[in-house]
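S.K.: Predicted model and sequence follow; I will ask about them next.
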Amino acid sequence: MKKMIAMILSMMMVISLAGSVTAASKVPTFKVDGRLFVTPAGEPQPYINKDNRTMGSLRLIANALGVESKNIKWDNAKQTATLSRGSNTVSVTVGKKVITVNGKSVTMDTVAEMKQGRVFIPARFIGQGLGVKISFDSASNTVNFITGDKEVVNHNFADYGLKEVKALPISIAAGGLEFTYHDAFLYKANSVEGKALQQKYKFDEYDLANHILFMKVTITNKTNKSIARDYSDLQLKIGALTAMGKTLSYGFSNNDDYLYTWSLEPSESVTGYVALLKKDDSPIDFIVISSKHGTINNPVLIAEKVN
C-alpha cells in the first residue's frame with residue numbers, strides 16, 4: 001500500500017478547483033468539537049437577529065453539549081428556561097437581556113427570543129454559561145463549541161477506518177500560492193451532516209455523490225504579482241484522491257463563504273470552504289489532497305486505511 005501511495009504522489013495530476021470569499025455567510029453554522037451540528041428536522045435553525053447576534057436554541061445546543069433533557073426545566077408562567085451541565089446552571093427569561101449563571105447575573109448584548117417554541121440566545125452565552133469553550137470563525141460565521149481538552153478537532157478520519165498521516169493544519173506551496181488546509185471532514189452524502197451541507201451550499205451534481213470531503217482552506221499569494229481565479233479560468237487548483245485512479249470532483253456552490261472566485265494581491269489571502277465529491281462506491285483507501293498552480297502540482301497524503 002505504501003509503495004502504491006508513493007507512486008500516486010509522484011504521478012498524481014488530479015482534477016481540482018478553488019475559489020473565493022466575498023462576504024461572511026448569513027446562515028450561522030455550529031460545530032461541537034469540530035463536528036458539524038445538524039438541527040433536527042422540524043426544529044428552528046440558528047439565525048442572525050436584528051442586533052447582528054448569532055442566535056442558537058438553548059435546548060438544542062445544550063443537548064448537543066451533553067445536557068440531558070431531564071436537566072432542562074421550563075417555567076411557562078415566567079417564560080424562563082433553566083438548565084444544568086455539571087456544576088454550571090443557567091436561567092434564561094424570554095424578552096430579557098439578563099441571564100443567571102451559577103446564581104450571578106450576566107447581561108447579554110441582546111434579549112432572549114422565542115422562535116417556534118424554542119428559547120434562543122447568542123451562542124457564545126450558551127457556551128460560556130455551560131462552561132464550554134467557544135471559538136468563532138467570522139469568515140464563515142461558524143461557532144465551534146469545545147467540550148474537551150483539545151482546542152480544535154480538525155478531522156473525523158477514524159469514523160471511516162482511516163488514520164491521520166499528516167497532522168492538520170498543513171500548508172502546501174504550489175507555483176507561488178500557499179494552500180493551508182485547516183481541517184478535513186468526510187461524510188456520506190446521505191448522512192445528516194452531508195444533507196445539511198447540501199442544504200446550505202446546494203452543490204452542483206450532489207445527487208451523484210456517494211461521499212463528500214469538506215475542507216476549510218486558506219490561499220495566500222506569495223508572489224509579487226496579482227493572482228486571480230474567476231469563472232473563465234480553467235486552471236484547477238485543489239483536488240483529492242481516495243484510491244488508485246479515484247479522483248474526487250469539485251462541488252460547485254455560490255455560497256458566500258465557499259471558495260470559488262478570488263483575486264489576491266501580493267501577500268493577500270482568502271479563507272473559505274471547499275467540497276470535493278466522491279461519485280462512486282469504491283473503498284476509501286487513503287486521502288491525498290493536491291494543490292496546483294501553473295505547472296506545479298503538490299499532492300500530500302493526509303490519511304490512510306488502518307491495517
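M.R.: The structure has been received and is ready for your questions. Worth saying up front: this structure is predicted, and the values here are computed from it rather than measured.

S.K.: domains for this protein, by residue range?
M.R.: Annotated domains of the chain cover 2-24+154-305, 35-146 [automatic domain parsing].

S.K.: Please name the residues that touch Glu265.
M.R.: Asn221, Ser226 (CB atoms under 8 Å, 6 or more residues apart in numbering). For the C-beta atoms, the positions are set from N, CA and C on the backbone; glycine is no exception.

S.K.: looking at the domains of the chain, which has the lowest confidence?
M.R.: Per-stretch mean pLDDT for the domains of the chain is lowest at domain 2-24+154-305 (a mean of 81).

S.K.: Which parts of the stretch 1-150 of the chain are helices?
M.R.: Along the stretch 1-150 of the chain, the segments classed as helices by DSSP state H, counting those that start in this stretch run 2-11, 58-64, 123-129.

S.K.: The second one - contacts with which helices or strands?
M.R.: Right, the one you point to is helix 58-64. Counting contacts by 3 or more CB pairs under 8 Å, 6 or more residues apart in numbering; DSSP states H and E, helix 58-64 packs against strand 29-32, strand 72-75, strand 80-85, strand 118-122, helix 123-129.

S.K.: and the ones you listed as a markdown table, adding mean neighbour count?
M.R.: Output for those, formatted as a markdown table (neighbours: other CB atoms under 10 Å):
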| stretch | mean neighbour count |
| --- | --- |
| strand 29-32 | 21 |
| strand 72-75 | 14 |
| strand 80-85 | 20 |
| strand 118-122 | 22 |
| helix 123-129 | 22 |
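
S.K.: Next, format those as CSV and append distance to Lys188.
M.R.: Below are these laid out as CSV (distance: least, CB to CB, whole Å):
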stretch, distance to Lys188
strand 29-32, 18
strand 72-75, 31
strand 80-85, 30
strand 118-122, 28
helix 123-129, 27
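
S.K.: Can you check which of these gets nearest to Thr218?
M.R.: The minimum distance between Thr218 and the helices and strands packed on helix 58-64 falls on strand 29-32, with 17.3 Å, by CB to CB.

S.K.: Can I get stretch 157-165 in PDB? Just the C-alpha atoms.
M.R.: Provided in PDB are the C-alpha atoms of stretch 157-165 (Å, rounded to 0.1, in the frame of the first residue of the first chain):
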ATOM      1  CA  PHE A 157     -10.800  10.100   9.700                       C
ATOM      2  CA  ALA A 158     -11.300   7.400  12.300                       C
ATOM      3  CA  ASP A 159     -15.000   7.300  11.500                       C
ATOM      4  CA  TYR A 160     -14.100   5.800   8.100                       C
ATOM      5  CA  GLY A 161     -11.300   3.400   9.300                       C
ATOM      6  CA  LEU A 162      -8.600   5.900   8.400                       C
ATOM      7  CA  LYS A 163      -5.600   7.100  10.400                       C
ATOM      8  CA  GLU A 164      -4.100  10.600  10.200                       C
ATOM      9  CA  VAL A 165      -0.700  10.500   8.400                       C
END
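
S.K.: Would you mark the buried spots in it?
M.R.: For stretch 157-165, a neighbour-count test (16 or more other CB atoms under 10 Å) marks Phe157, Tyr160, Leu162 as buried.

S.K.: Let me know the closest of those to Asn190.
M.R.: Relative to Asn190, the closest of the buried residues of stretch 157-165 is Tyr160; by CB to CB it sits at 14.6 Å.

S.K.: Just confirm the closest one contacts Leu186, I think it does.
M.R.: Yes - using CB atoms under 8 Å, Tyr160 is in contact with Leu186, at 5.5 Å.

S.K.: how about Pro40, what does it touch?
M.R.: Leu60.

S.K.: how much space between it and His293?
M.R.: 42 Å (CB to CB, to the nearest Å).

S.K.: and what of Ser263?
M.R.: Separation of Ser263 from His293 (CB to CB): 14 Å.

S.K.: more neighbours, those two?
M.R.: Between Ser263 and His293, His293 has the larger neighbour count (other CB atoms under 10 Å), namely 22 against 13.

S.K.: circling back: tell me, what's touching Tyr160 and Leu186 both at once?
M.R.: Ile284.

S.K.: if we can go back for a sec, looking at the helices and strands packed on helix 58-64, spot the one closest to Glu178.
M.R.: Across those, closest to Glu178 is strand 29-32 (CB to CB), at 24.9 Å.
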